[in-house]
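Enquirer: sequence below, structure please.
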Amino acid sequence: MIIDTHCHLDDDRYKEDLDIVIENAKMKGVEKFIIPGADPKSLERAVEISEQYDDVFFAVGVHPYDVQHYDRSYLEKFVTHSKCVAIGECGLDYFRLPESESEIEAEKKLQREVFIDQILWAKTVKKPLIVHIRESSADCLALLDEYAGEEGGVLHCYNADESLLKLANKNFYYGIGGVLTFKNAKKLIHVYPKIPKEKLLIETDAPYLTPHPHRGERNEPSFSTFVADKMCELSAVSRVEIETLTTMNAAKLFRI
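Expert: Numbering: from 1, shown residues only. Okay, the predicted model is just below:
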């Protein structure tokens, strides 16, 4: 089976047909799902979904775009829930920054502070991290190297920066999604064989980053099969082997 380790099922784009989305995924062999915590405003919806479906789990955290809404005291209400399996998605994203130098530095500082707090929180509650990294590899690597605990985590939508492969030794895994199927994914395809097989995870980031041949459509967990197929091609192994490997990895990291 496949475990989709990163799908935003709490997104409004699934509001009308979530039952069908999950049923379609299960028909394709996707048996478990993890909703990352990104925006506190949708966290209660993620919890509700996890309570409605036996095979849906969630994480609690704040995406770097929403650090101004970070309130750990609010998030702590959910971290002890039996379906909460991780902290995040948290991290650093320097892709969208203000224009002035002073505002840029203030934004980066706030993102780093919130990220560090979530890393330390994960250590306290002994849960893995779901880490978002965009144009910030050096800073993320430094912070994870300094603060992350033995629980490790996953580098969501792994950006193919080879320097981040060092984190495999700190129990970090690498989330592989639809980007692997893109025609312009040359860097990721080059780096993919260097990722330790015991650290590979499958994810979709649904409804975003829809894989080929469905580019332009709403992404959903059932499309993780296209990611698995591409991984098979690059690893020169069967679908059964990829599914078994990534399922064992996900079960080990998230304890599901």
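Enquirer: now do the contacts for Leu155.
Expert: Residues in contact with Leu155 (C-beta atoms under 8 Å, 6 or more residues apart in numbering) are Val131, Ile133, Leu164, Leu167, Phe172, Tyr173, Tyr174, Gly175. In this view, the C-beta of every residue, glycine as well, is placed from N, C-alpha and C.
Enquirer: what about the third one, neighbour count?
Expert: The one in question is Leu164. Counted with other C-beta atoms under 10 Å, residues neighbouring Leu164 total 22.
Enquirer: on that earlier part again, widest-spaced pair of the contacts of Leu155?
Expert: Based on C-beta to C-beta, the longest span within the contacts of Leu155 runs between Ile133 and Tyr173 and measures 13.3 Å.
Enquirer: between the two, which is the more surrounded one?
Expert: Tyr173 (29 against 24).
Enquirer: who does the more buried one bridge with?
Expert: Val154 (DSSP bridges).
Enquirer: related to what we said a few turns ago, and which of the contacts of Leu155 is nearest Val30?
Expert: Distances from Val30 to these, taken by C-beta to C-beta, are shortest for Gly175, at 14.9 Å.
Enquirer: where does the closest one sit: helix, strand or coil?
Expert: strand (DSSP: H, G, I helix; E, B strand; the rest coil).
Enquirer: so it touches Cys157, yeah?
Expert: Yes. Shown here, Gly175 and Cys157 form a contact pair, counting by C-beta atoms under 8 Å, at 5.8 Å.
Enquirer: would you map the strands across the stretch 1-150 of the chain?
Expert: Secondary structure of the stretch 1-150 of the chain (DSSP state E, counting those that start in this stretch): strands at 2-4, 30-35, 56-60, 84-93, 129-134.
Enquirer: I misspoke; the intended subject was the stretch 151-256 of the chain.
Expert: 153-156, 172-176, 200-202.
Enquirer: and the ones you listed, which is most packed in?
Expert: Ranked by mean neighbour count under mean count of other C-beta atoms under 10 Å, these are led by strand 153-156, which reaches a mean of 28.
Enquirer: report the distance from it to the chain centre.
Expert: Relative to the centre of its chain, strand 153-156 is centred 6 Å away, using C-alpha atoms, centre = their mean, to the nearest Å.
Enquirer: likewise for stretch 70-83?
Expert: 18 Å.
Enquirer: start the count at 41, not 1, going forward
Expert: Fine by me, first position is 41 from now on; the one you just mentioned is stretch 110-123.
Enquirer: quick one, what contacts Asp201?
Expert: Counting by C-beta under 8 Å, 6+ apart, the residues that Asp201 touches are Ile173, Ser177.
Enquirer: ok, back up a step: between the contacts of Leu195, which sits nearest Val100?
Expert: Distances from Val100 to the contacts of Leu195, taken by C-beta to C-beta, are shortest for Val171, at 14.2 Å.
Enquirer: any chance you could map the helices in the stretch 141-290 of the chain?
Expert: 141-165, 177-187, 226-231, 264-275, 279-294 (DSSP state H, counting those that start in this stretch).
Enquirer: most tightly packed of the ones you listed?
Expert: Among those, helix 264-275 has the highest mean neighbour count (mean count of other C-beta under 10 Å), at a mean of 19.
Enquirer: packing partners of that helix?
Expert: If contacts are counted by 3 or more C-beta pairs under 8 Å, 6 or more residues apart in numbering; DSSP states H and E, helix 264-275 sits against strand 42-44, strand 240-242, helix 279-294.
Enquirer: now distance to Leu83 and mean pLDDT too, for these, in a markdown table please.
Expert: Shown next, in a markdown table, are the helices and strands packed on helix 264-275 (distance: least, C-beta to C-beta, whole Å; pLDDT from 0 to 100):
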| stretch | distance to Leu83 | mean pLDDT |
| --- | --- | --- |
| strand 42-44 | 19 | 98 |
| strand 240-242 | 22 | 98 |
| helix 279-294 | 18 | 98 |
